[in-house]
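**Q** Give me a model of this one.
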Amino acid sequence: MANDLEALQGTWNISELEVNGQRMPAASFKGSKIAVHGSKFTTAGMGGAYEGTLRLGESNRPKTIDMIFSSGPEKANTSSGIYELTGDTLQLCLTIAGSQRPAEFATRAGSSHAFEILKRDSGAPT
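**A** A predicted model of the protein is given here:
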């Protein structure tokens, strides 16, 4: 059985986004995606291109993810979060602005968390 990092390989399109308790209109993240190659990631959309390294905590409950940015607007920052991978659907709840790691897949006003639902891009090369 593949580990989660292996299962994450490829391109993921953001299909839903909620920030600080507000569901964002689809136009605000249209075309936004995350590509995973090995332990590296790149993102495109939502105001910039980012690159970095992923660190997963598969044995944690909920499972944890750290996105360590090496370039782009978030360079030298780490976004800590939780994730759930079910087939071709990936749920991420991540910190923004240095807040504490989320404990659930939801956001509230002032939480400094972003909740994303991503779908595997079946047409993109992996």
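**Q** alpha carbons only for contacts and neighbour counts from here, please
**A** Will do.
**Q** residues contacting the nearest residue to residue 106 once chain neighbours are set aside?
**A** Leaving out its chain neighbours, the residue that sits closest to residue 106 by Cα to Cα, 6 or more residues apart in numbering is residue 115, at 6.1 Å. Residues counted as contacts of residue 115 (Cα atoms under 8 Å, 6 or more residues apart in numbering) are 17-19, 91-94, 105-107.
**Q** any chance you could map the strands in this protein?
**A** 10-19, 22-23, 33-37, 40-44, 50-57, 64-71, 78-86, 89-95, 113-120 (DSSP state E).
**Q** Which one of these lies nearest to residue 101?
**A** Of all these, it is strand 78-86 that lies closest to residue 101, at 5.2 Å by Cα to Cα.
**Q** what residues does that closest one touch?
**A** Residues contacting strand 78-86 (Cα under 8 Å, 6+ apart): 4, 62-69, 90-96, 98, 100-105.
**Q** rerun at 7 Å
**A** 62-69, 90-96, 101-102 (Cα atoms under 7 Å, 6 or more residues apart in numbering).
**Q** list the buried ones in it?
**A** 78-84 (16 or more other Cα atoms under 10 Å).
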